[in-house]
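>>> what would the 3D arrangement of this be:
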Amino acid sequence: MSFTTRISNYTNTVSAENLTDALKKGVDYTLATVKLRNPAIWSQFAIKVNSGSSVFGDIYPTFNIFDLLSVDRKQGAVSYWARPIEEKQFQKATDPTSIYYATYHDPVYSISSDGIMDIQPTETATNPASIYIVRDSGGKTITDATEVILDDNISFGGVSLAPGEQFPSFCKELVVLHAAECILMERLIDFRTSIPTGLDAEWANALAKAKLLFDDGANIEGDNAGASMSVQYWLSDEDEDMTSSTISAIQSEVGRANAYVQKFKTDLERIATDYQWTQGQLQMINGKKQEFIQNQLQGGLSDDGQEGRAV
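Now for the predicted structure:
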């Protein structure tokens, strides 16, 4: 089954809406919900990126980071977890004369106000650092047909990484539900622009022609325009046959106008019915989302029934 098929079960169709954006929103919503509701399984979404021969620097846009879980720095054959400190304290960590000076066995890191990561001692090619991150939808490839949410390959500091899929399968149901909700919300906006604002020009033309046939044949459209096209002309001429024929033409035009009125009413009724169905689906999906969160994410269990483990 594909994401499209599963989402269409809730929305009827996705052909007129932006499925790609909806799936991305579904992924980001699921990440935010899992982080908030069940941090025990948060590490299942994470990948490890090595600094290689470079320093990490501006990591957030580089790797499309949704969340930074932890940082470590290698010294020889041993890796040491780095402590996060505030930006204003980082200068002390780099000062060898300070009691807060960071050592290789007690490294620290800080994220500056402009999003730059600094590690002390600084990572090097021989003693690199690693970050454990969860990437947002911008750092993933979502394959609709196979329902795969794959972290994109990374090449940084001379090190290439193909992370594979770091997205527990059971959480994809929440992606589907939120994507379906986004599509239905988009459809509600479409309803607003599709509501007819009035009867169209054909309706006005039919009524105008009916009036002209009655009393102003000289201004009627067509090759035979003239006073003799109106009912009033034939009444004055006391020609009953032509009066009757012209009245029949008027009735035909009035009938044409009524047909457009009926079409207008039918279109409004159809839109109203579709709108009510969409509202009902949104309520149902919201209920399913809350049920999923309560049953699948509140208990702190992973998709294999085991309690999650933080990095």
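
>>> mind listing the helices for the stretch 151-300 of the chain?
172-194, 201-215, 231-236, 240-292 (DSSP state H, counting those that start in this stretch).

>>> of those, which approaches Ile142 most closely?
helix 172-194 (8.5 Å; CB to CB). The way it works is simple: take the backbone N, C-alpha and C, and place the C-beta from them, glycine included.

>>> state the mean pLDDT of the closest one.
The pLDDT scores in helix 172-194 average 87.

>>> ok, back up a step: need the helices of the stretch 151-300 of the chain in TSV (columns: distance to Tyr100 and mean neighbour count).
Formatted as TSV, those follow (distance: least, CB to CB, whole Å; neighbours: other CB atoms under 10 Å):
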stretch	distance to Tyr100	mean neighbour count
helix 172-194	43	19
helix 201-215	78	16
helix 231-236	101	16
helix 240-292	46	14
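
>>> CSV please, covering the ones you listed and showing distance to Gln44.
Shown next, in CSV, are those (distance: least, CB to CB, whole Å):
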stretch, distance to Gln44
helix 172-194, 13
helix 201-215, 60
helix 231-236, 82
helix 240-292, 17
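
>>> weakest of those helices by average pLDDT?
Mean pLDDT is lowest for helix 231-236 out of the helices of the stretch 151-300 of the chain, coming in at a mean of 64.

>>> counting by contacts, list what the lengthiest strand in the chain packs against.
Looking across the chain with DSSP state E, the single longest strand is strand 65-75. Applying 3 or more CB pairs under 8 Å, 6 or more residues apart in numbering; DSSP states H and E, one finds that strand 65-75 makes contact with helix 19-37, strand 78-81, strand 117-120, strand 129-135.

>>> make it 7 Å
With contacts taken as 3 or more CB pairs under 7 Å, 6 or more residues apart in numbering; DSSP states H and E, strand 65-75 sits against strand 78-81, strand 129-135.

>>> pick the most deeply packed of these.
Compared across the helices and strands packed on strand 65-75, strand 129-135 shows the largest average neighbour count, a mean of 23 (mean count of other CB atoms under 10 Å).

>>> that strand pairs with which strands, and in what direction?
strand 47-50 (antiparallel), strand 65-75 (antiparallel) (DSSP bridges).

>>> buried residues in the first one?
Which is strand 47-50. 47, 49-50 (16 or more other CB atoms under 10 Å).

>>> got it, and the last one?
Neighbour-count burial for strand 65-75 flags 65-66, 68-74 (criterion: 16+ other CB under 10 Å).

>>> can you give me how far stretch 166-184 is from the chain middle?
On the basis of CA atoms, centre = their mean, to the nearest Å, stretch 166-184 sits 11 Å off its chain's mean C-alpha point.

>>> ok so, going back, please name whichever of the helices of the stretch 151-300 of the chain is nearest to Gln166.
helix 172-194 (12.7 Å).

>>> between helix 19-37 and that closest one, find me the angle.
Interaxial angle of helix 172-194 relative to helix 19-37 (axes from the mean of the first three to the mean of the last three CA atoms, to 10 degrees): 130 degrees.

>>> Glu187 against Tyr275, yeah?
Heads up, residue 187 is Arg, not Glu. No. Arg187 is beyond contact range of Tyr275, at 8.9 Å (criterion: CB atoms under 7 Å).

>>> just want the most central residue of this structure.
In the chain, the centroid-proximal residue (CA atoms, centre = their mean) is Ala22; its distance is 3.0 Å.

>>> and the average pLDDT for the strand or helix carrying Thr5 is what?
Assigned by DSSP states H and E, Thr5 belongs to helix 3-11. Average pLDDT, helix 3-11: 95.

>>> what's in contact with that helix?
Residues outside helix 3-11 that contact it (CB atoms under 7 Å, 6 or more residues apart in numbering) are 14, 19, 23, 144, 147, 176, 179-180, 183-184, 281, 285.

>>> which one of these is nearest Val34?
Comparing these against Val34 with CB to CB places Val176 closest, at 14.8 Å.

>>> for stretch 139-157, which positions count as buried?
Buried residues in stretch 139-157, counting neighbours by 16+ other CB under 10 Å, are found at 139-140, 142, 144, 147-151, 154, 156-157.

>>> same list, these, but as JSON lines with pLDDT please.
JSON lines is the format used below for these (pLDDT from 0 to 100):
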{"residue": "Gly139", "pLDDT": "96"}
{"residue": "Lys140", "pLDDT": "97"}
{"residue": "Ile142", "pLDDT": "97"}
{"residue": "Asp144", "pLDDT": "95"}
{"residue": "Glu147", "pLDDT": "97"}
{"residue": "Val148", "pLDDT": "97"}
{"residue": "Ile149", "pLDDT": "97"}
{"residue": "Leu150", "pLDDT": "97"}
{"residue": "Asp151", "pLDDT": "97"}
{"residue": "Ile154", "pLDDT": "95"}
{"residue": "Phe156", "pLDDT": "94"}
{"residue": "Gly157", "pLDDT": "93"}
